[in-house]
Structures are given as C-alpha cells and as structure tokens.
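Novice: prediction below, plus the sequence it came from.
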Amino acid sequence: GLILRGLLGLRLERGRLVIDPVIPARLDGLRVELELMGHAFEVTYQVRSAGCGPVAVRLNGAPLAFERGDSPYRPGAAEVPLNDLRAGLTQGMNRLLIELG
C-alpha cells in the first residue's frame, strides 16, 4: 500500500481515483502492472521536469476528465470520478497513462 499511495500516488477515496504521484524525471516511462477495483491495469508515467501535478490522464487511449485537488506545496492531484473510470474499462488489461508536469 505504501508504494501504491506514496510513490505511484494512486488511491481510491470517496468515489474518486486520486492520482497524486511525485516521481523523479529519471523514471520517465515507469510502467507498473497492478489491480484496482478488481481490474488489471498497466500504469505508465510520462514525467516532465516537475515530476508531479498530473496534466493529462488517459484510459485505454481516451482522455479522462479530472478535477484538480488542492495542495499548498505543489500542483494538486488529479481526481477522477470512479463512474468515469468504470465507463472506460475493458476486459483484460486496462492501460492508464499519467502525464506529469
């Protein structure tokens, strides 16, 4: 759980998937396979210089709309409603692309 929440910045919270990673630029292209909500995911991180503050989220090639969470120290998390996430899921492996500023 610590790696999932801390490094990868993924957590389920009050009907949302909160995406709030802090990843150094040298880990650009980081790819992990995991299970969320009973579904298989391959999560890929595109890391620009800041390494935080998601600027785009795509599920299986389609953009996911999100609201920006508050953070006093850096750009806030991307908060994706779980209903929107579920609507884009497929059988088998789902590909989540997270682009960081």
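Specialist: That came through fine. Numbering: from 1, shown residues only.

Novice: going by C-alpha atoms from here, please, whenever you check contacts or count neighbours.
Specialist: Fine.

Novice: next secondary structure element downstream of the longest strand seen in the chain?
Specialist: Scanning the chain for the strand with the most residues, using DSSP state E, yields strand 39-47. Using DSSP states H and E, the helix or strand that follows strand 39-47 in sequence is strand 54-59.

Novice: so for that next one, mean pLDDT?
Specialist: In this model, strand 54-59 carries a mean pLDDT of 97.

Novice: contacting residues for the residue nearest the centre of the chain?
Specialist: Of all residues in the chain, the one closest to the mean position by CA atoms, centre = their mean is Ile19, 4.2 Å from it. For Ile19, the contact set (CA atoms under 8 Å, 6 or more residues apart in numbering) comprises 9-11, 54, 77-80.

Novice: what about the strands in this protein?
Specialist: 10-13, 16-19, 31-36, 39-47, 54-59, 62-63, 67-68, 78-81, 94-100.

Novice: could you check the angle the fifth one makes with strand 39-47?
Specialist: Put plainly, it is strand 54-59. 150 degrees (axes from the mean of the first three to the mean of the last three CA atoms, to 10 degrees).
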